[in-house]
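In: Please work out how this folds:
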Amino acid sequence: MINAGHTFPKTERICARKDISALLSGGRWHRCGVLKACIAPGGGDVSRVMVSVPKRLFKRAVKRNLLKRRIREAYRLQKDILQGSDTMENRCFDILLQYNSADIASFDAIKDDVAEILRRAVG
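Out: This next block holds a predicted model:
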């Protein structure tokens, strides 16, 4: 059975063009390992995320989709980092996770980078 905290529903994804442009214009960029992230305070009830793997780095869709699945899974397993401690108020963020390396990284490396980015968002 899947833990209720480890789901990734549609409400936690950034899809609308206006939301994407607001994130890119008002967010702060961070770099960590093979990932770049744009983080902005969110206005909704939950933190939302968007994953991007540039076509200029990986021409084949199979490799791009593999990396996007790995990044989404790493986020799904660690999104509780965004909740922070019990004394901290529940803040929501909009996050763009962009893969930024010409090599295909392992899931463990991606998971570590996603965790570091989520800690930076909270901290």
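In: what does the longest helix along the chain rub up against?
Out: As assigned by DSSP state H, the longest helix anywhere in the chain is helix 61-78. Contacts to helix 61-78, defined as C-beta atoms under 8 Å, 6 or more residues apart in numbering, come from residues 6-8, 35, 49, 51, 53, 55, 58, 97, 99, 104-105, 107, 110-111, 113-115, 118. Placement of C-beta: from N, CA and C, glycine included.
In: Filter those down to the buried ones.
Out: When neighbours are counted using 16 or more other C-beta atoms under 10 Å, those contain these buried positions: 35, 49, 51, 53, 58, 97, 99, 105, 110-111, 113-115, 118.
In: Any chance of the residues you listed in CSV with pLDDT as columns?
Out: Putting the buried ones among the contacts of helix 61-78 into CSV (pLDDT from 0 to 100) gives the following:
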residue, pLDDT
L35, 96
V49, 95
V51, 96
V53, 96
F58, 95
L97, 96
Y99, 97
A105, 95
I110, 97
K111, 97
D113, 97
V114, 96
A115, 95
L118, 93
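In: Tell me which of the residues you listed fall in helices.
Out: Taking DSSP H as the definition of helices, the buried ones among the contacts of helix 61-78 contribute I110, K111, D113, V114, A115, L118.
In: and which of those residues is nearest to D80?
Out: Comparing those against D80 with C-beta to C-beta picks out L118 as the nearest, at 9.0 Å.
In: tally of neighbours for the residue nearest to that closest one when sequence neighbours are not counted?
Out: Across the structure, with C-beta to C-beta, 6 or more residues apart in numbering as the measure, the residue nearest L118 apart from its sequence neighbours is I81 (4.1 Å). As a burial measure, the neighbour count of I81 was computed by other C-beta atoms under 10 Å and equals 18.
In: Pretty sure I81 sits against E116.
Out: No - using C-beta atoms under 8 Å, I81 makes no contact with E116, being 9.6 Å away.
In: Where does the prediction get shaky in the chain?
Out: Counting by pLDDT under 70, the chain contains low-confidence residues at 1-5, 84-90.
In: quick one, what contacts the residue nearest the centre of the chain?
Out: When the chain is reduced to its mean C-alpha position, the closest residue under C-alpha atoms, centre = their mean turns out to be L97, at 4.2 Å. With contact set as C-beta under 8 Å, 6+ apart, L97 has these partners: L35, K36, A37, V49, M50, V51, S52, I71, Y75, V114, I117.
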